[in-house]
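Student: Here's my sequence, what's the structure:
(one chain, ligands or ions: 2)
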Amino acid sequence: MGLTLAQKIIKEHLVSGTMVPGTEISLRIDQTLTQDATGTMAYLEFESMGIDRVRTKKSVAYIDHNTLQSGFENADDHRYIQSVAKKHGIWFSRPGNGICHQVHLERFGIPGQTLIGSDSHTPTAGGLGMLAFGAGGMDVAVAMGGGAYYITMPKMFKVNLTGRLRPFVTAKDVSLEILRILSVKGGVGAILEWGGEGLASLSVPERATITNMGTELGATTSLFPSDEVTRDFLRRQGREQDYTPLFSDADAVYDRVIDIDLSTLVPLIACPHSPDRIVTVESLKGTKVDQVCIGSCTNSSLLDLLKVASLLKGKTICDSVSVSVSPGSKQVLSMLADSGALSDILSSGARVLECACGPCIGMGFSPNSAGVSLRTFNRNFEGRSGTADARVYLVSPETAVAAALTGEITDPRLLGEAPDVCLPERFKLDDTAVLPPADESEASDVQVLRGPNIKEFPVAKKGADCLCVPVSLKVADNITTDHIMPAGAKILPYRSNIPYLSRFCFAVCDQGFSERAASLGESIIIGGSNYGQGSSREHAALVPMYLGVRCVIAKSFARIHVANLINAGIVPLVFENPDDYDTIDQGDTLSLCHLFQGMENGRIKLENKTKGTFFYVTADFTDRQKSILKAGGLLPYTKEANQ
Ligand code: MIC
Ligand code: SF4
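Tutor: Ligands and ions are numbered 1, 2, ... in the order given. Down below sits the predicted model:
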């Protein structure tokens with residue numbers, strides 16, 4: 001039986017386990033990346049492991065999320081990351097050099113290699129044929145130290161593309177179409193491999209838009225083959241030597257095949273507040289728009305922005321719309337400038353922002369109150385933009401421009417001629433904003449610079465065998481990490497200060513949670529299905545751990561978040577009968593006895609002391625996960641293991 005491309009790369013990197021879907025495997029990791037909002041924690045964790053130098057082929061530390069230096073906090077974190085990277089063998093991408101995923105695609109990604117990154121959109125590199133996963137900072141720290149990365153062996157889905165996109169229909173619309181088909185839960189436990197004759201017409205940046213948004217499906221990762229299109233992109237980036245042809249076998253077996261005829265797609269739009277609330281742009285025509293944001297790791301490539309510039313050329317944006325354009329990297333910005341396209345964007349009245357995540361993570365450019373914002377981004381979760389009552393829609397750059405010009409949601413096919421834009425023969429190569437690490441011989445002289453914003457890493461309690469504690473919070477389905485640990489300009493600078501961050505835990509759903517949980521001492525959270533979808537931020541586990549949450553019982557969990565909970569020593573349990581969710585109220589006291597024995601049996605009986613009822617939960621953990629939970633998290637577990 002033949003293998004899929006993902007299975008081939010997994011096979012080559014397999015450290016433990018067998019490739020049976022649903023079982024635990026571990027992989028050797030070739031490359032890692034971090035961004036600053038999760039990086040500070042990841043490097044503190046790496047330092048606590050006492051390893052001098054990273055053991056990966058390449059590790060890169062990016063600064064792209066927290067670039068607003070409204071106080072000393074971010075500047076201190078940048079300095080810390082720069083110095084710790086220099087000391088330990090990590091490349092450092094300076095603030096302003098661009099969004100981690102865009103820069104990694106341009107300069108570092110290598111087909112056939114494995115990559116983990118402390119950011120959920122790390123699968124963007126799958127557009128280049130890399131097997132790339134988003135992970136919690138602790139997992140990235142372990143991989144930097146040469147440790148394996150543990151995942152559940154995924155099922156294999158194939159998306160078979162035929163036909164060719166019609167004018168004004170884009171890779172973003174393909175991403176939205178697959179979200180329409182599968183929903184935000186449809187990719188859970190699976191790798192999506194994109195194939196079929198339609199592939200040849202999609203460039204690497206377009207493929208990367210698609211793998212980027214695979215994260216919103218809950219997929220383990222997404223992957224394109226490495227073919228002539230890949231070779232061509234790498235050649236234009238001056239890195240043809242990094243090319244290897246990589247394909248799945250002709251007789252590879254997939255668990256599910258989804259067919260998409262590219263020529264039948266139309267411009268699509270995701271409605272508030274979930275990336276899978278998809279309708280056609282046409283169906284919302286005439287909706288008034290207040291703001292348009294173009295950029296983010298989904299749609300900020302040179303190709304995207306050249307199209308935007310060409311559509312804006314000689315035109316003026318509508319008076320009532322505020323428009324921002326954030327180029328994905330310095331390479332993109334500087335090539336826009338050299339080609340004159342930047343001035344077409346500026347002359348239209350759009351604001352050009354820094355090459356960074358910016359508005360995507362609520363770092364400035366929040367919409368007006370109750371504003372309608374059309375964004376080329378990948379997430380439109382409630383409150384994420386920084387304006388609680390804003391209505392954020394996700395669209396392609398072309399649809400964004402149509403709204404910028406008309407002031408309302410408009411089908412971009414009404415804009416006339418589609419822009420005729422292709423990749424430049426040679427990308428401009430200027431890596432001056434990527435600083436190499438110190439030579440091994442000089443590393444001991446490098447001083448790591450720490451600022452007062454960097455607080456002690458919270459220490460988890462050892463796993464408890466019996467608990468009798470109240471439910472501090474009950475939440476509904478699809479709770480995102482943006483609900484659990486919001487980001488945005490006011491909070492993001494404190495990513496290395498867990499005590500301060502804890503004040504904002506769950507503030508989007510329940511302002512009183514933080515104080516209540518702290519005063520209860522220890523508690524349990526009850527969740528619906530897909531609990532913890534979205535970001536890889538381990539803060540969404542570390543902060544509840546700091547507030548005394550010992551256990552989360554949900555109908556189901558998102559992949560990265562469940563790993564982060566275990567790493568933080570919080571026990572994730574799944575309702576055996578989802579209807580039991582309805583029998584529990586916030587404030588009820590739940591009693592859980594003999595957790596460790598229950599973990600061996602795979603199921604545990606709980607008593608609801610308040611209601612006098614019983615229910616069962618599944619406690620399905622691997623031996624390694626059981627040991628981590630008993631030790632109280634990955635760090636104490638690793639320390640115990642090394643003693
Ligand atoms: C996001 O898009 O939510 C982020 C910010 O990039 C996160 C990481 C973080 O919270 O720092 C992600 O996607 O992992
Ligand atoms: Fe940055 Fe937004 Fe991409 Fe997250 S989704 S990495 S915040 S651009």
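Student: what's near enough to touch the closest residue to ligand 1 within the stretch 151-300 of the chain?
Tutor: With C-beta to the nearest ligand atom as the measure, Thr215 is the residue of the stretch 151-300 of the chain nearest to ligand 1, at 7.1 Å. In short, each C-beta sits where N, CA and C put it, glycine included. Applying C-beta atoms under 8 Å, 6 or more residues apart in numbering to Thr215 gives the contacts 120-121, 123, 134, 378.
Student: same thing with Asn567?
Tutor: Here Asn567 is in contact with 136, 138-139, 538, 541, 628, 633-635 (C-beta under 8 Å, 6+ apart).
Student: Can I get these in CSV including secondary structure?
Tutor: Putting the contacts of Asn567 into CSV (DSSP: H, G, I helix; E, B strand; the rest coil) gives the following:
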residue, secondary structure
Gly136, coil
Met138, helix
Asp139, helix
Glu538, coil
Ala541, helix
Ile628, helix
Gly633, coil
Leu634, helix
Leu635, helix
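Student: Check whether the residue of the stretch 151-300 of the chain closest to ligand 1 sits in a helix, strand or coil.
Tutor: Thr215 ends up helix, using three-state DSSP.
Student: Report the spatially closest residue to Pro275, excluding sequence-adjacent ones.
Tutor: Glu216 (4.2 Å; C-beta to C-beta, 6 or more residues apart in numbering).
Student: May I have the phi/psi pair for the most centrally placed residue in the chain?
Tutor: With distances taken as C-alpha atoms, centre = their mean, Ser120 lies nearest the centre of the chain, 1.9 Å away. Backbone geometry at Ser120, expressed as degrees, to the nearest 10, gives phi -70, psi -20.
Student: Now do the buried residues in the longest helix belonging to the chain.
Tutor: Secondary structure of the chain read by DSSP state H shows that its longest helix is helix 72-88. Neighbour counts over helix 72-88 (16 or more other C-beta atoms under 10 Å) mark 73-78, 80-88 as buried.
Student: after it, next one along is what?
Tutor: Next helix or strand after helix 72-88 toward the C-terminus (DSSP states H and E): strand 91-93.
Student: So what are the sheet partners of that next one and their directions?
Tutor: If you go by DSSP bridges, strand 91-93 pairs up with strand 58-62 (parallel), strand 434-435 (antiparallel).
Student: I figured Val229 hits Glu206, correct?
Tutor: No. Using C-beta atoms under 8 Å as the test, Val229 is too far from Glu206 to be in contact (9.3 Å).
Student: Near ligand 2, which residues of the stretch 351-500 of the chain are found?
Tutor: Neighbours of ligand 2 within the stretch 351-500 of the chain, by C-beta under 6 Å from any ligand atom: 357, 360-361, 377-378.
Student: between the contacts of Thr215, which is nearest Tyr254?
Tutor: Nearest to Tyr254 among the contacts of Thr215, counting by C-beta to C-beta, is Pro123 at 17.9 Å.
Student: looking at the sheet around the nearest residue in space to the closest one that is not next to it in sequence, what are its partners?
Tutor: Leaving aside its sequence neighbours, Pro123 sits nearest to Thr221 (C-beta to C-beta, 6+ apart; 4.2 Å). Here Thr221 sits in beta bridges with Ile191, going by DSSP bridges.
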